[in-house]
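Chemist: Quick one, fold the following:
(chains A and B)
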Amino acid sequence: MFDNLSNRLQSIFSGLRSKGRLSEADIDAAMREIRLALLEADVNFKVVKDFIASTKEKALTSEVLESLTPAQNVIAIVLEELTNLLGSEAVKLQFSPRIPNVWMLVGLQGSGKTTAAAKLAYRLKKQGHNPLLAAADVYRPAAADQLEALGKEIGIRVFRGCGKDPIKIAQDATQDAIDNLRDVVIIDTAGRLHVDEEMMAEAEAIRDAVQPECILMVVDAMTGQDIVGVVEAFAERVDFDGVIMSKLDGDARGGGALSIRSVTGKPILYSSEGEKPSSLEEFYPDRMAKRILGMGDVVSLIEKAQEVADLEIAEEEEERLARAELNFDDFITINKQMKKLGGMGSLLKALPGGEKALADGQVDEGALDRMIIIINSMTAAERAKPSVINGSRRARIARGAGVEVAAVNQLIKQYETMRKILKQMNLGADSVVKKSRPRKGGKKSKRKGSGRQQGLSKGMGRGMPDLSSLGLSKKGMSPSQLKNLEDLLK
Amino acid sequence: MSWLNRLSEGLSRTRKQLSESLNVYFELSPEVDEDFWDNLEETLIAADFGVMATTRIVGELQDESTRKALPDGAAVMKLFYEKMAKLFATAKEDCFDINPVCILFVGINGSGKTTTVGKLAKDGSQNGRKVLVGSADTFRAAAIEQLDIWAERAQVPVIKRERGADPASVAFEVIEAAEKSGANQVLIDTAGRLHTSDDLMRELAKVVNVTRKRAASVEPTPFEVKTLLVLDATTGQNGLAQARAFNASLELDGVIVTKLDGTAKGGIAVAISEELALPIVRIGVGEHIDDLRPFDPQEFVNALMA
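Modeler: As a prediction, this is how the structure comes out:
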């Protein structure tokens, strides 16, 4: 959902990337764009102001401007600042020894508290807890019915109590949990406006009555600039411990997420996407920051890939790649390199949507190993020139690899797909074959090996290769490329 | 109350006649300088106008004030209010005055559709209309019960089916029932859905199409069908994407902005009204029945800047 923002930042940085050296004016231009992108993503304008100021200050140090790869450094700074803004590490909720632990949900009307309460209960149940849901929203018609229906779906007891006094319901629910051996009570409260004095006082009263271990505020990911005032007011009155971001499955850029942490210091603990009870996930600020930069991960991946590639890809092989005349020997080399990069998994995680695909089990990480087994059953001639592989050769390869002929056919089909992708990537991007690879500056690069030194001297003054040279232009891959890649990974 | 409010209240004592509509900008910077424009820009962005719209509005205002050689901040603000009010699309007639009419309420989850239908039902019957409400939100747990309670409060009949029923068939039945009972204002609640969910948007398009088709064959007078987007005022820039998507699938007739009683200004509604030429037909400014009001552009702009 942060993809839109990522795209913006990427296009800014591909502009920066194409320059070898940056002037102050360049940084200014980039900062203006970042400001615009952040504001459009609903990041609070005050937060944006601070963010831009501190990022710019860091970007303007002579260390950055005079480094060989200032663009990289700027990216690193922006990433770092974004991570800081989101909170530098994931916060986990701690259970207290008290039985029951009491968790309380608060928020504006329509932010998704009731749904989040059910999801949270489901999550705790999966973790071996025995939660109780308490319906303390006595104002919205049928709110308790809604919670009860959700509770029934996920097999969790819902306490309704008298249905009139939310404070009493909360207290009675705590007692009910003790009587029925439940270790966590999740209290769903009514939606309230932060400026509604009476309702805010009620929330405080519920809190004081049951002394919750944890108060979570549910915030709609689509909220705009107003979010800052809202969370400030809730922080002041109810003093919540963390945030659940809801409706993250839409295309909202969720800039509010960025703002909350920086304004209140409260961490975002969970993100909630979709209607399924299981769709409540822990919120990882570092991952989110990387995703906001979108290609942030891909950027470091490309850096890493170039490190590996510089040392290992032989020139002729590189040229073959460029002409899309990939053969199975290259497949093996690529596979080896992929392993060095941390395997298929980490490669995919760096791609937009890849992480989800992995989590959903759409990607089989062992697929590559099975491919290698089949390739190892080929003769050298077959590997070098896949077109010679006919029916009887396929049968022989299958026998040698201990697989069905269909598996061999599939591999060859995938090989064709990969060639197609390479061809597309190479269209209009001749620079893959560039022999000189400018070296990375910045903190992340590991400088070692004479090959790198050579790269340095050749790369000087040549400018950075931008993402487009890898076919990963501004918007990432084209849909057809992605489609092919997806097919390949099936 | 924001500090701007408090400040403008304090200052208003000295400049009474200007204090209400021509707010703090005038008092803060009688001179039209860099700060004045920056402040204006910031206020618009903080009100969720969005950067693009803000830049354009402020830019135009700057040009025009220079051209007209406007003397001070007050004059510029006056021009600003005039320009702003013109940005809104206007409706030919209030769709709640149409007789007979069937109105569908659509929007994302939690925007306030069911509550709005409940309030309007009471409003309608108080105005002497024969109201019928229908619950085509067969998805959310207890949505039907929620509307039931509202209908009871408003003392209007409600047409409903069990949870999980096909919403389009519910809409069909609602119109059938309206035809039989002679209702002349039909309000249909639909399930909240994210505009990015293609399946759910198609489902909603079906609900609207079925309603339109059935409403056209109602005897003796066919129902006119209006589709209104219910938008939470706290929504940020994503609101535009929502409105675009709903409009593309359903051809909306207007927007209802809810929850304006908080501190959210609902600036995104301006962009929606302007870009999609959709009138804002009602605004929700509180929990009570009479807190759903007709929309007045001038009032809205004043509140935006307050």
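Chemist: residues touching the spatially closest residue to A:S259 that is not a sequence neighbour, list them.
Modeler: In space, A:S259 comes closest to A:N44 once its chain neighbours are excluded; the distance is 3.9 Å by CB to CB, 6 or more residues apart in numbering or on different chains. The way it works is simple: take the backbone N, C-alpha and C, and place the C-beta from them, glycine included. Residues near A:N44 by CB atoms under 8 Å, 6 or more residues apart in numbering or on different chains: A:225, A:227-228, A:255-256, A:258-259, A:263.
Chemist: can you list the weak-confidence ranges in the chain?
Modeler: Looking at chain A here, since you left the chain open. Counting by pLDDT under 70, chain A contains low-confidence ranges at A:1-21, A:62, A:64-72, A:88, A:90, A:253, A:286-325, A:338-365, A:425-490.
Chemist: The chain in question should be chain B.
Modeler: If you take pLDDT under 70 as the line, chain B has these spans: B:1-30, B:306.
Chemist: So which residues of it form helices?
Modeler: Under the criterion DSSP state H, helices of chain B are mapped to B:3-12, B:16-19, B:24-28, B:34-46, B:51-68, B:73-87, B:113-126, B:143-154, B:167-181, B:198-216, B:238-250, B:268-276, B:297-305.
Chemist: out of these, nearest to A:Q410?
Modeler: helix B:198-216 (30.3 Å; CB to CB).
Chemist: Now that closest one: buried residues?
Modeler: Within helix B:198-216, the residues scored as buried using 16 or more other CB atoms under 10 Å in any protein chain shown are B:200-201, B:203-205, B:207-208, B:210-212, B:214-215.
Chemist: possible to save these as a markdown table with distance to chain A?
Modeler: Below are the buried residues of helix B:198-216 laid out as a markdown table (distance: CB to the nearest CB, whole Å):
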| residue | distance to chain A |
| --- | --- |
| B:L200 | 10 |
| B:M201 | 12 |
| B:E203 | 13 |
| B:L204 | 15 |
| B:A205 | 18 |
| B:V207 | 18 |
| B:V208 | 21 |
| B:V210 | 23 |
| B:T211 | 24 |
| B:R212 | 27 |
| B:R214 | 28 |
| B:A215 | 27 |
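Chemist: Nearest to B:G239 among these?
Modeler: Relative to B:G239, the closest of those is B:M201; by CB to CB it sits at 16.2 Å.
Chemist: Now do the contacts for the residue lying closest to that closest one once chain neighbours are set aside.
Modeler: Closest residue to B:M201 apart from its sequence neighbours, by CB to CB, 6+ apart: B:S249 at 4.8 Å. By CB under 8 Å, 6+ apart, B:S249 lies in contact with B:201-202, B:204-205.
Chemist: How about the residues of the stretch 1-150 of chain B by chain A?
Modeler: Neighbours of chain A within the stretch 1-150 of chain B, by CB under 8 Å from any CB of the partner chain: B:1-2, B:42, B:45-48, B:50-52, B:108-112, B:115, B:118, B:140-143, B:145-146, B:148-150.
Chemist: Emit the ChimeraX select command for whichever of these are buried.
Modeler: Entered in ChimeraX, the line below selects the buried ones among the residues of the stretch 1-150 of chain B next to chain A, by 16+ other CB under 10 Å:
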select /B:45,46,47,48,50,51,108,109,110,111,112,115,118,140,141,142,143,145,146,148,149,150
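Chemist: that older thread, for ChimeraX, write the select line for the buried members of the contacts of A:N44.
Modeler: This is the ChimeraX syntax for the buried subset of the contacts of A:N44, where burial follows 16+ other CB under 10 Å:
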select /A:225,227,228,255,256,258,259,263
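Chemist: Would you reformat the contacts of A:N44 as CSV and include secondary structure and distance to B:L231?
Modeler: Listed next are the contacts of A:N44 as CSV, based on DSSP: H, G, I helix; E, B strand; the rest coil; distance: CB to CB, whole Å:
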residue, secondary structure, distance to B:L231
A:Q225, coil, 15
A:I227, helix, 16
A:V228, helix, 20
A:G255, helix, 18
A:G256, helix, 17
A:L258, helix, 23
A:S259, helix, 21
A:V263, helix, 24
